[in-house]
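Participant: mind folding the following:
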Amino acid sequence: MEEQSLCKKLCQGIIKVKPFIAIVSLQFGYAGMYIITMVSLKRGMSHYILAVYRHVVATLVIAPFALVLERKTRPKMTLPIFLRIAALGFLEPVLDQNMYYVGLQYTSATFASASINVLPAITFIMAIVFRLERVNIKRVRDVAKVIGTCITVAGAMVMTLYKGPVLDIIRSHGAAHHKGGSEPSNQHWIVGTLLLLGSCFGWSGFFILQSFTLKKYPAELSLTALICLMGTVEGAAVSLIMERDMSAWKIGFDSRLLAAVYTGVVCSGCAYYIQGVVIKERGPVFVTSFSPLCMIITAALGTIILAEQLHLGSVIGAVFIVLGLYTVVWGKSKDSTSNSAAPVTNEKNGTLELPISDTNKSSSTNFGNNV
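Facilitator: Residues are numbered from 1 along each chain as shown. You can find the predicted model right below:
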């Protein structure tokens, strides 16, 4: 009996840890994406075409699994669900990624990954706007979430408006060459930062809409395949308008193919699916709360591999963003604790808790089987 109880507790502990492992693993995947796509874009690949090829690969990889594994559980397609999927295919695969790629070219891989740290704050604000979460200023955890959001936004503003001197962490000939020829101008840096923040709004909207869509269409693999398919169609239409030179579509066995395959498999196919599963389990704010880890990984890779310059403004802004982010995460952790012991609606003060685990208590087992 003791051995069975120990095994049961061990299995429950593994199931609880799996969402964390999955999201942390995605941050390593995103860090690799920042480096690979930067190399590909610097070698002349169009970001519009890269986004299309990325989702072609993702569709080809995910669709067979969706057709086989969810053939009996896939809900019927309706017009409202189709419209939501079409919107999802535009928000992240087209709007977010193209704005991000341009911002990446105008700034750096390190700065681009750091700017994504504002994503949890934007998602939190959108969750309040769309009534996924309400704030009661009488509760410490809610005050912490508000203060953390303000600190995160302040950090993003510091990164936008203050560049500062270069911090020579790793001195090398590559860094000197980079400083002399490929450092973006101040004007491009500001434009790139605004584009990166715009991509964050598109990505946050994607998470919010995905959480609503999963309630009507609870088939993560099929939803992922359909989002990638719609992203391919809509992205191709945009690319044909923006890229009139058909030779830009040519791709060979080089960094362009590597960027398309890597981002398609890891950052679209696997990411959309894992994020969908974790959103059902923990909510959209939880999914976006691990982006600072990606910043740390990318900063190390960008400095070593691409010989990028690290500016003081990026470091100061990143410190504010990380501090504010984890203040929000602390408040969310207290929400999870209180939700497990209290009803969703408080009749006395009329406040609502973010529906993370109460409506999906059985999904922990499903998450353990799927991821």
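Participant: so where is the stretch 201-350 of the chain shaky, pLDDT-wise?
Facilitator: 292-293, 295-296, 299-310, 332-333, 335-350 (pLDDT under 70).
Participant: which stretches in it count as strands?
Facilitator: Remark: strands assigned in the stretch 201-350 of the chain by DSSP state E, counting those that start in this stretch are 310-311.
Participant: now do the helices in it.
Facilitator: Listed in chain order, the helices of the stretch 201-350 of the chain (DSSP state H, counting those that start in this stretch) span 220-242, 255-262, 271-282, 284-287, 291-305, 312-339.
Participant: among these, which is the most enclosed?
Facilitator: Greatest average neighbour count among those goes to helix 284-287 (a mean of 27), per mean count of other CB atoms under 10 Å. Bear in mind the C-beta positions are built from the backbone N, C-alpha and C, glycine included.
Participant: contact partners of that one?
Facilitator: For helix 284-287, the external contacting residues (CB atoms under 8 Å, 6 or more residues apart in numbering) are 19, 23, 120, 123-124, 127, 132-133, 207-208, 210-211, 275, 278-279, 328, 332, 354, 356.
Participant: tilt between the longest helix anywhere in the chain and helix 255-262?
Facilitator: The single longest helix within the chain, with elements called by DSSP state H, is helix 2-42. Put simply, helix 2-42 runs at 150 degrees to helix 255-262, going by axes from the mean of the first three to the mean of the last three CA atoms, to 10 degrees.
Participant: mean confidence (pLDDT) on helix 2-42, please.
Facilitator: For helix 2-42, mean pLDDT rounds to 78.
Participant: could you number the chain from 15 rather than 1 from now on?
Facilitator: From this message on, residue numbering opens at 15, which makes the last subject helix 16-56.
Participant: could you give the separation of the helix or strand following that helix from the chain centroid?
Facilitator: Per DSSP states H and E, the first helix or strand lying C-terminal to helix 16-56 is helix 61-83. Offset of helix 61-83 from its chain centre (CA atoms, centre = their mean, to the nearest Å): 17 Å.
Participant: which other residues reach the helix or strand following helix 61-83?
Facilitator: From helix 61-83 onward toward the C-terminus, using DSSP H and E, the following helix or strand is helix 93-104. Residues outside helix 93-104 that contact it (CB under 8 Å, 6+ apart): 89, 220, 223-224, 226-227, 230-231, 237, 240-245, 247-248.
Participant: only the C-alpha atoms, please, for helix 93-104, written as CSV.
Facilitator: The C-alpha coordinates for helix 93-104 follow below in CSV (Å, rounded to 0.1, in the frame of the first residue of the first chain):
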residue,chain,number,x,y,z
LEU,A,93,-19.0,29.0,-39.5
PRO,A,94,-18.2,30.8,-36.1
ILE,A,95,-15.4,28.3,-35.4
PHE,A,96,-14.0,28.7,-39.0
LEU,A,97,-14.0,32.5,-38.6
ARG,A,98,-12.1,32.2,-35.3
ILE,A,99,-9.5,29.9,-37.0
ALA,A,100,-9.2,32.4,-39.9
ALA,A,101,-8.6,35.2,-37.4
LEU,A,102,-6.0,33.0,-35.5
GLY,A,103,-4.3,32.3,-38.8
PHE,A,104,-3.9,36.0,-39.4
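Participant: in it, which residues are buried?
Facilitator: 95, 98, 99, 100, 101, 102, 103, 104 (16 or more other CB atoms under 10 Å).
Participant: farthest-apart pair in the residues you listed, please.
Facilitator: 95 and 104 (15.3 Å; CB to CB).
Participant: still on that earlier bit, which one of the helices of the stretch 215-364 of the chain lies nearest to residue 155?
Facilitator: Residue 155 sits nearest to helix 326-353 of all the helices of the stretch 215-364 of the chain, at 3.7 Å, using CB to CB.
Participant: which elements pack onto that closest one?
Facilitator: Counting contacts by 3 or more CB pairs under 8 Å, 6 or more residues apart in numbering; DSSP states H and E, helix 326-353 packs against helix 123-129, helix 133-143, helix 154-175, strand 180-181, helix 298-301, helix 305-319.
Participant: out of these, nearest to residue 280?
Facilitator: For the helices and strands packed on helix 326-353, the distance to residue 280 is smallest for helix 305-319, at 12.6 Å, taking CB to CB.
Participant: so what's residue 212 up against?
Facilitator: Neighbour list for residue 212: residue 113 [criterion: CB under 8 Å, 6+ apart].
Participant: my read is that residue 335 contacts residue 132, right?
Facilitator: Yes: Residue 335 is in contact with residue 132 according to CB atoms under 8 Å; the separation is 6.5 Å.
Participant: shared neighbours, the two?
Facilitator: Between them, residue 335 and residue 132 share these contacting residues under CB under 8 Å, 6+ apart: 166, 169, 170.
Participant: could I get these as CSV with pLDDT and neighbour count?
Facilitator: Formatted as CSV, these follow (pLDDT from 0 to 100; neighbours: other CB atoms under 10 Å):
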residue, pLDDT, neighbour count
166, 76, 27
169, 77, 25
170, 71, 26
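Participant: phi, psi for residue 267 please.
Facilitator: Here is the backbone geometry of residue 267 (degrees, to the nearest 10): phi -90, psi 80.
Participant: please tell me how far it sits from residue 60.
Facilitator: According to CB to CB, to the nearest Å, residue 267 and residue 60 sit 18 Å apart.
Participant: please say which of these two ends up with more neighbours.
Facilitator: The residue with more neighbours, out of residue 267 and residue 60, is residue 60; 20 against 7, by other CB atoms under 10 Å.
Participant: quick one: pLDDT of that one?
Facilitator: Residue 60 is assigned 89 on the pLDDT scale.
Participant: so it versus residue 245, what's the distance?
Facilitator: Applying CB to CB, the value for residue 60 to residue 245 is 16 Å.
Participant: right, I'll leave it there.
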